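Undergrad: got a predicted structure here, sequence first:
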Amino acid sequence: MEQVCVVGLGYVGLPTASLLANRGFRVRGVDINPKVVETINRGEIHIHEPDLDVMVNSAVNSGNLTASLEPASTDVFILAVPTPFKEDRVPDISYVEAATKAIAPYIAPGNLIILESTSPVGTTEKIGSWLWELRPDLKDNCSIYIAHCPERVLPGQILKELISNERIIGGINPASTEKAANFYQKFVTGEILYTEARTAELAKLTENAFRDVNIAFANELSLICDRLNIDVWKLIELANRHPRVHVLQPGPGVGGHCIAIDPWFIVDSAPEQAKLIRTAREVNDSKPLYVVDRIKAAAAGLEKPAIACLGLSYKANIDDLRESPAIKIVRELARQKLGYILVVEPYISSLPPSLDNLDNVQLFDLEVGIDKADIVVLLVNHRDFLNIDRKILQDKKVIDTRGVWR
Ligand code: SAJ
C-alpha cells in the first residue's frame with residue numbers, strides 16, 4: 001500500500017487526503033493548527049464543502065487517514081499550503097518553504113514531492129534548491145522526484161473535480177513528470193497532461209487570470225450599462241446568443257483565495273508585459289466601492305437607514321469568506337457610518353473577526369433582516385435568496401448586484 005503525506009489540510013489538502021485514504025492509500029495529513037488536527041482525528045471537518053464530512057469520516061474510521069502536526073516518512077509528499085501575497089502584492093511562498101523544510105528530514109531516495117499549491121513561476125525548482133541545501137545527500141544521487149501538479153478544483157464541487165478534472169503535471173525533469181503522472185493516474189479519471197514545472201506553474205496562473213479578465217469585462221460592462229441606463233443582464237444574455245461570445249456575469253467584485261490573487265503572481269513576474277491582467281485586477285478590485293456608492297445614493301435622504309446585506313461569502317452556496325467583496329462592502333458601509341447594517345449569511349453562525357467589533361453591524365436571519373431593512377442589497381446569489389417571496393421586497397429599495405431578482 002502506497003503511503004502519502006499531505007501537508008496543509010485546507011480546501012485542497014483535506015479533500016485530497018480523504019480521497020486518497022478512501023482509495024486505499026495510507027495517508028498522514030499534516031497541519032500546523034492543532035485544532036484542525038484534533039478535529040480531523042475525530043472524523044470531523046473544519047471547513048464547509050459538500051460531502052467532505054462523509055469522506056473524512058470514512059477515511060478516518062478506516063484507519064487510513066490520520067492527522068498530525070508532524071510529517072512522517074512516506075512514498076509521496078503533497079504540499080497543499082497557502083500561497084498568498086504580501087502587502088505589496090508580491091507572492092508570499094514562505095508556507096511552501098516552511099513545508100519543504102518540515103518534510104526535508106523525512107525524505108528518502110525514490111520519494112516523490114508534489115507541489116499542488118498555486119505558485120509563481122520558479123517555485124517548484126526552488127523546492128529542489130531548498131531540499132538540496134538541507135539534504136545534500138539527496139542531490140548527490142539525484143534520487144528524488146519533484147513536480148508541480150496545480151490544483152484546479154472549484155470550491156463547491158471539489159470532490160467531483162478532484163477526480164474528473166484533467167491534470168497538468170510538470171516535473172523539474174522528465175523523470176519527475178513521469179513519476180508524478182503515474183501517481184495521479186491511480187485516482188484521476190481526467191487526462192494527465194505532461195509538461196515541465198515552469199509551464200505548469202504559469203498554466204495554472206493563466207487559467208485564473210483568464211477568468212479574472214473575463215469577469216472584469218463583465219464588470220466593466222455593468223458600469224457602462226449603468227451609465228447608459230441599459231440592463232446589463234439582458235445585454236449579456238443577448239450578446240451570448242452569438243455562437244462565439246460567452247460573456248461572464250458581473251457582480252460585486254471578485255473574491256476567493258485564487259482569482260483575486262493569482263493574476264498578481266503573473267504581474268509580479270512580468271510587470272511590463274502583463275498590462276491587461278493588471279487592469280483586469282484593478283477593474284474587479286474597484287467594484288466593491290462602486291457598489292458602496294450605489295448604496296450611498298439609495299440611502300440619500302434616509303435618516304439612519306437599515307441596510308440588509310444578503311451574503312458575505314465570496315460566492316454562492318459556500319461558507320468561504322476569503323477575499324470576499326461582500327465583506328469589503330459591509331466594512332466600508334460600517335466605516336462610513338451609512339446606517340445600521342443587517343448582515344444575512346446562512347452559511348455562518350457568527351460574524352467573522354473583520355466585522356465582529358463594529359457596533360453598527362449585526363447578523364440576522366433572512367426574514368428578519370429583510371423585514372427590518374429600508375435598503376436590501378443582494379451580494380451573493382445563495383440558493384436561499386433566489387426564491388424569496390418578492391412581495392417582502394415591495395416597499396424596500398433593492399440593489400441586486402448579481403442580477404438574480406430581475
Ligand atoms: N464571479 C463573477 N462572475 C462570474 C463568475 C465568477 O463575478 O461570471 C466571481 C465569483 O462570485 C467569485 C469569483 O468570481 O467572487 C471567483 O469565483 P469562481 O467560481 O470563478 O472561481 P473560484 O475562485 O471559486 O475557483 C477558481 C477556479 N478557476 C477557474 O475557473 C479558472 C477553480 O477551477 C480553481 O481551482 C480555483 O480558482 C483555484 O483554487 O485556483
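TA: Alright, I've got the coordinates. Keep in mind it's a predicted model, so treat the numbers as computed, not measured.

Undergrad: quick check, pLDDT for the spatially closest residue to V404 that is not a sequence neighbour.
TA: Nearest residue to V404, sequence neighbours excluded (C-beta to C-beta, 6 or more residues apart in numbering): N381, at 4.8 Å. Every residue, glycine included, has its C-beta placed from N, CA and C. With respect to pLDDT, N381 scores 97.

Undergrad: distance check, the closest residue to D31 other than its chain neighbours against R294.
TA: Leaving aside its sequence neighbours, D31 sits nearest to L9 (C-beta to C-beta, 6+ apart; 4.2 Å). Going from L9 to R294 by C-beta to C-beta, to the nearest Å gives 40 Å.

Undergrad: the more surrounded of the two?
TA: Per other C-beta atoms under 10 Å, whichever of L9 and R294 has more neighbours is L9, with 29 against 17.

Undergrad: please, which helix or strand holds the more buried one?
TA: Counting by DSSP states H and E, no helix or strand carries L9.

Undergrad: mind listing what it touches?
TA: Contact analysis of L9 by C-beta atoms under 8 Å, 6 or more residues apart in numbering lists A17, G29, V30, D31, V36, V37, I40, A67, A80.

Undergrad: so the fifth one: helix, strand or coil?
TA: Yep, that's V36 we're talking about. On the three-state scheme (DSSP: H, G, I helix; E, B strand; the rest coil), V36 is labelled helix.

Undergrad: show me the shaky parts of the stretch 1-150 of the chain.
TA: The stretch 1-150 of the chain contains residues with pLDDT under 70 at 1, 140-142.

Undergrad: how about 90 then?
TA: Counting by pLDDT under 90, the stretch 1-150 of the chain shows low-confidence ranges at 1, 47-49, 87, 137-143.

Undergrad: what segments of it are strands?
TA: Using DSSP state E, counting those that start in this stretch, the strands of the stretch 1-150 of the chain run over residues 3-7, 26-30, 65-68, 76-79, 112-115, 145-148.

Undergrad: in a markdown table: those, plus distance to H242.
TA: What follows is those, written out as a markdown table (distance: least, C-beta to C-beta, whole Å):
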| stretch | distance to H242 |
| --- | --- |
| strand 3-7 | 44 |
| strand 26-30 | 47 |
| strand 65-68 | 48 |
| strand 76-79 | 42 |
| strand 112-115 | 40 |
| strand 145-148 | 37 |
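
Undergrad: about what we covered before: would you check which pair of the contacts of L9 lies furthest apart?
TA: Distance extremes for the contacts of L9: the farthest pair is V37 and A80 at 15.0 Å, using C-beta to C-beta.

Undergrad: who's more crowded, those two?
TA: More crowded of V37 and A80, by other C-beta under 10 Å: A80, with 25 against 20.

Undergrad: what comes up buried for stretch 62-82?
TA: Neighbour-count burial for stretch 62-82 flags 64-67, 71, 74-82 (criterion: 16 or more other C-beta atoms under 10 Å).

Undergrad: C-alpha coordinates for that stretch, PDB please?
TA: Only the C-alpha atoms of stretch 62-82 are listed here, as PDB (Å, rounded to 0.1, in the frame of the first residue of the first chain):
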ATOM      1  CA  SER A  62     -11.000   3.100   8.000                       C
ATOM      2  CA  GLY A  63      -7.700   3.900   9.800                       C
ATOM      3  CA  ASN A  64      -6.200   5.100   6.500                       C
ATOM      4  CA  LEU A  65      -6.200   8.800   7.400                       C
ATOM      5  CA  THR A  66      -4.500  10.200  10.500                       C
ATOM      6  CA  ALA A  67      -3.800  13.900  11.000                       C
ATOM      7  CA  SER A  68      -0.700  15.100  12.800                       C
ATOM      8  CA  LEU A  69       1.400  18.200  13.500                       C
ATOM      9  CA  GLU A  70       4.500  16.400  12.200                       C
ATOM     10  CA  PRO A  71       5.200  14.800   8.800                       C
ATOM     11  CA  ALA A  72       6.400  11.200   8.600                       C
ATOM     12  CA  SER A  73       8.400   9.100   6.200                       C
ATOM     13  CA  THR A  74       6.200   8.100   3.200                       C
ATOM     14  CA  ASP A  75       6.500   7.400  -0.500                       C
ATOM     15  CA  VAL A  76       4.800  10.600  -1.700                       C
ATOM     16  CA  PHE A  77       4.600  14.100  -0.200                       C
ATOM     17  CA  ILE A  78       1.900  16.500  -1.400                       C
ATOM     18  CA  LEU A  79       2.300  20.200  -0.500                       C
ATOM     19  CA  ALA A  80      -1.100  22.000  -0.400                       C
ATOM     20  CA  VAL A  81      -0.300  25.000   1.600                       C
ATOM     21  CA  PRO A  82      -1.400  28.600   1.100                       C
END
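
Undergrad: what's whichever helix in the chain runs longest packed up against?
TA: Determined from DSSP state H, the single longest helix within the chain is helix 197-228. Secondary-structure packing of helix 197-228 (3 or more C-beta pairs under 8 Å, 6 or more residues apart in numbering; DSSP states H and E): helix 123-134, strand 145-148, strand 167-171, helix 232-239, helix 262-269, helix 275-299.

Undergrad: again, only using 6 Å
TA: Counting contacts by 3 or more C-beta pairs under 6 Å, 6 or more residues apart in numbering; DSSP states H and E, helix 197-228 packs against strand 145-148, strand 167-171, helix 232-239, helix 262-269, helix 275-299.
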